[in-house]
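**Q** The following block contains a protein sequence and its predicted model.
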Amino acid sequence: MQTTDEKKVYPTAPDAEGFYFKDTEDEEQAIFSKDYPNGNKIKKTNLPSSGLEAVVRELLGKDTKEITRHMDKDTERYQMAAITAATTIGGNKQTFEFFENMKLKDFNRLLSMYQDLNF
């Protein structure tokens, strides 16, 4: 148990799988981060409304092809298209429409994770 004299240090030490909390805000939202030896990063959490496990990864240049396909020439779809490309839910890729129909509370959590990794 942490006493009032102890100050928690961030980022926290990685667990056995390499996941850690980057900062206080991530810990409060139960958003775990993981850094891979090749420099890639992911974040994972259980979504607040659905309870499903979501993993968001850093995007690569080659992901722009998938993002462009999801946008279908509509630039207003960029943000959702990028999240669709970067995210797995329950270990599986989902369709653009899946994210369109997601509860906003869950979508905002994904958006926060996506932005932290990609901006």
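**A** Ah, there it is.
**Q** Run through the bridge partners of residue 54.
**A** Residue 54 has the following beta-bridge partners by DSSP bridges: residue 45, residue 89.
**Q** Spit out the contact partners of it.
**A** By C-beta atoms under 8 Å, 6 or more residues apart in numbering, residue 54 lies in contact with 44-47, 87-89, 106, 109-110, 113. Yep, even glycine has a C-beta here, placed from its N, CA and C like the rest.
**Q** Buried among those residues? Make that a ChimeraX selection.
**A** In ChimeraX, this line selects whichever of the contacts of residue 54 come out buried by 16 or more other C-beta atoms under 10 Å:
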select :44,45,47,87,89,106,109,110,113
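**Q** Which residue ranges of the chain form helices?
**A** 24-28, 64-71, 78-86, 96-100, 104-118 (DSSP state H).
**Q** will you turn these into TSV that also has distance to residue 10 and mean pLDDT?
**A** Formatted as TSV, these follow (distance: least, C-beta to C-beta, whole Å; pLDDT from 0 to 100):
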stretch	distance to residue 10	mean pLDDT
helix 24-28	7	97
helix 64-71	31	96
helix 78-86	23	97
helix 96-100	29	97
helix 104-118	14	97
